[in-house]
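In: Model the structure of this input:
(one chain, ligands or ions: 4)
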Amino acid sequence: MAEYLKDCSVPGKMSWEELEALCRRERLHCEQLGVNGANVKDYDVEFLCDYKKTKEEELYLVKWKGFPESDNTWEPKRNLKCPKLMKQFHLDLDQELRRHKRRCTPKKLDKEVASFLVQKAKLRQRLQRWEAHLNQTRNHPGRIFVMNEVDFEGPPKNFTYINNYKVGQGIVLDEMAVGCDCKNCLEEPMNGCCPGASLHRMAYNEKGQVRIRAGQPIYECNSQCSCSLDCPNRVVQKGIQFDLCIFKTENGRGWGVRTLQHIRKNTFIMEYVGEIITNDEAERRGHVYDCQGSTYLFDLDYVEDVYTVDAAHQGNISHFVNHSCNPNLQVFNVFIENIDERLPRIALFSTRAIRAGEELTFDYKMQKVLTQLLGIIHRLCCEQFPVEATAERLLMRGSCCFQLIQGAF
Ligand SMILES: C[S@@+](CC[C@H](N)C(=O)[O-])C[C@H]1O[C@@H](n2cnc3c(N)ncnc32)[C@H](O)[C@@H]1O
Ligand SMILES: [Zn+2]
Ligand SMILES: [Zn+2]
Ligand SMILES: [Zn+2]
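Out: Numbering: from 1, shown residues only. Ligands and ions are numbered 1, 2, ... in the order given. Below is the predicted model:
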């Protein structure tokens with residue numbers, strides 16, 4: 001019987017951290033958990049909750065890893081070996097004191113300030129866990145960071161990170177790839193090299209930068225090609241290369257994405273991935289999303305408007321990229337293992353050099369929606385200006401259409 005059970009496993013109810021804390025509490029040694037005679041009496045600080053200063057010393061209220069908050073204890077600074085947590089605690093504290101227009105750290109913190117610091121520490125933990133999960137799930141070299149220095153919103157509920165399109169219910173894809181016979185696709189492209197076979201120019205230069213106009217398709221080499229994996233005609237398929245940060249915006253646009261590295265002009269940044277659904281289904285979901293005040297739908301209308309990508313509940317980091325009328329990313333239709341023109345992959349490339357720390361944005365192309373909305377406003381409010389003139393006047397003021405729409409109601 002035991003033999004049959006050899007490969008069976010039962011998920012444990014306790015996390016590794018809880019098991020480790022249990023070992024320490026019961027003074028048990030465990031090789032796998034790293035608890036031994038030398039460190040069984042050490043306890044890990046999970047976060048710091050409060051601070052006070054007496055004549056003799058500075059003290060911190062400590063939340064211990066694996067123990068409930070009722071077991072929190074005040075510890076003198078000299079006993080604590082958690083410089084990173086301490087630094088973060090004081091950064092948060094200074095920020096909160098500044099908000100209350102107080103310059104020096106008081107001897108004892110107000111209840112509200114201490115509660116703010118605990119909330120902040122708990123939020124940071126939740127975001128760090130989410131960040132770790134995103135990085136375990138991604139299949140691309142670029143790392144993902146998460147940051148919220150604005151409010152207490154945690155990771156989005158009901159969102160799963162995926163790396164490639166997911167095909168929605170009832171859709172059957174007929175994927176077909178055609179390859180080339182070249183040895184060197186850039187320098188000696190043979191007649192049937194991938195872009196050429198479709199009568200298009202090679203999309204990339206030797207540095208992998210896109211060199212064709214947006215609107216023209218990109219045909220990358222694929223599994224049927226004779227060239228190697230470092231062929232210059234393989235860019236989007238290599239995935240996100242840059243370290244990016246999902247951050248909470250300060251002006252009510254929800255989460256956004258910024259680059260942590262410098263990016264050169266015409267460089268591939270990310271794909272827009274999500275669930276592929278039919279346009280009819282997109283229409284239905286669109287009403288629901290509109291009521292919720294956000295949309296993650298992207299119409300695949302390169303030749304025919306049949307499919308839509310829905311990144312609302314399943315997507316990659318592009319789920320968090322905001323709209324701008326003056327964007328630093330632009331969209332290209334890309335074909336790799338598939339030549340069905342109704343189903344391009346959507347790749348976002350930089351339109352200019354982007355500094356480390358800058359937010360990434362693309363144009364959602366909502367002009368159509370905007371004009372419709374302005375039409376409604378126009379009919380409702382005044383008959384003074386024709387719709388197009390009103391739109392032009394408002395856009396000339398440099399307003400982003402989102403702010404316009406929000407401001408209009
Ligand atoms: C694809 S999501 C972008 C990520 C989103 N900010 C979030 O927190 O998940 C699109 C939604 O973000 C918000 N958004 C995007 N760009 C915006 C902008 N320029 N101004 C205001 N809201 C914007 C709108 O709610 C929009 O429906
Ligand atoms: Zn080729
Ligand atoms: Zn090639
Ligand atoms: Zn090829």
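
In: need the contact list for I240.
Out: 138, 140-142, 269-271, 316-317 (C-beta atoms under 8 Å, 6 or more residues apart in numbering). Heads up, the C-betas are built off the backbone N, CA and C, glycines and all.

In: Which of those residues fall within strands?
Out: 269-271 (DSSP state E).

In: Now pLDDT, distance to ligand 4 and neighbour count too, for those residues, in JSON lines please.
Out: Formatted as JSON lines, the ones in strands among the contacts of I240 follow (pLDDT from 0 to 100; distance: C-beta to the ion, whole Å; neighbours: other C-beta atoms under 10 Å):
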{"residue": "I269", "pLDDT": "98", "distance to ligand 4": "23", "neighbour count": "24"}
{"residue": "M270", "pLDDT": "98", "distance to ligand 4": "23", "neighbour count": "24"}
{"residue": "E271", "pLDDT": "98", "distance to ligand 4": "19", "neighbour count": "23"}
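
In: What is the nearest of those residues to ligand 2?
Out: Ligand 2 lies nearest to E271 out of the ones in strands among the contacts of I240, by C-beta to the ion, at 21.9 Å.

In: May I have the beta-bridge partners of that closest one?
Out: Beta-bridge pairing for E271 (DSSP bridges): A347.

In: Next up, the contacts around it.
Out: E271 is in contact with 236, 239-240, 316, 318, 334, 345-348, counting by C-beta under 8 Å, 6+ apart.

In: got a markdown table for those residues, with distance to F247 and pLDDT too?
Out: Listed next are those as a markdown table, based on distance: C-beta to C-beta, whole Å; pLDDT from 0 to 100:
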| residue | distance to F247 | pLDDT |
| --- | --- | --- |
| V236 | 25 | 98 |
| G239 | 21 | 98 |
| I240 | 16 | 98 |
| N316 | 16 | 98 |
| S318 | 15 | 98 |
| V334 | 27 | 96 |
| R345 | 26 | 96 |
| I346 | 23 | 97 |
| A347 | 23 | 98 |
| L348 | 18 | 98 |
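
In: Spatially nearest residue to D44 (excluding sequence neighbours)?
Out: K65 (3.9 Å; C-beta to C-beta, 6 or more residues apart in numbering).

In: wait, what's in contact with that neighbour?
Out: 17, 20-21, 43-46.

In: rerun that using 10 Å as the cut-off
Out: By C-beta atoms under 10 Å, 6 or more residues apart in numbering, the contact set of K65 is 17-18, 20-21, 24, 43-47.

In: Identify the farthest-apart pair in the residues you listed.
Out: Greatest spatial distance among the contacts of K65 (C-beta to C-beta): R24 and F47, at 17.8 Å.

In: returning to that earlier point: now, which of the contacts of K65 sits nearest ligand 3?
Out: Closest approach between the contacts of K65 and ligand 3, by C-beta to the ion: E17, at 48.0 Å.

In: Give me the buried positions along the helix or strand that closest one falls within.
Out: For E17, the host element (DSSP states H and E) is helix 16-25. Across helix 16-25, burial judged by 16 or more other C-beta atoms under 10 Å covers 19-21, 23-24.

In: Tell me if I am right that V257 is in a strand.
Out: Yes - according to DSSP: H, G, I helix; E, B strand; the rest coil, V257 belongs to a strand.

In: For it, list each beta-bridge partner.
Out: Bridge pairing for V257 - DSSP bridges - gives I246, L360.

In: pLDDT of stretch 168-182, averaged?
Out: Taken as a whole, stretch 168-182 has a mean pLDDT of 85.

In: how far out from the middle of the chain is it?
Out: Mean C-alpha position of stretch 168-182 versus that of the full chain (C-alpha atoms, centre = their mean, to the nearest Å) differs by 28 Å.

In: what does stretch 247-263 give?
Out: With C-alpha atoms, centre = their mean, you get 9 Å for stretch 247-263.

In: buried residues in the longest strand along the chain?
Out: For the chain, the strand with the greatest residue count under DSSP E is strand 45-53. Using 16+ other C-beta under 10 Å as the test for burial, strand 45-53 gives 45-51.
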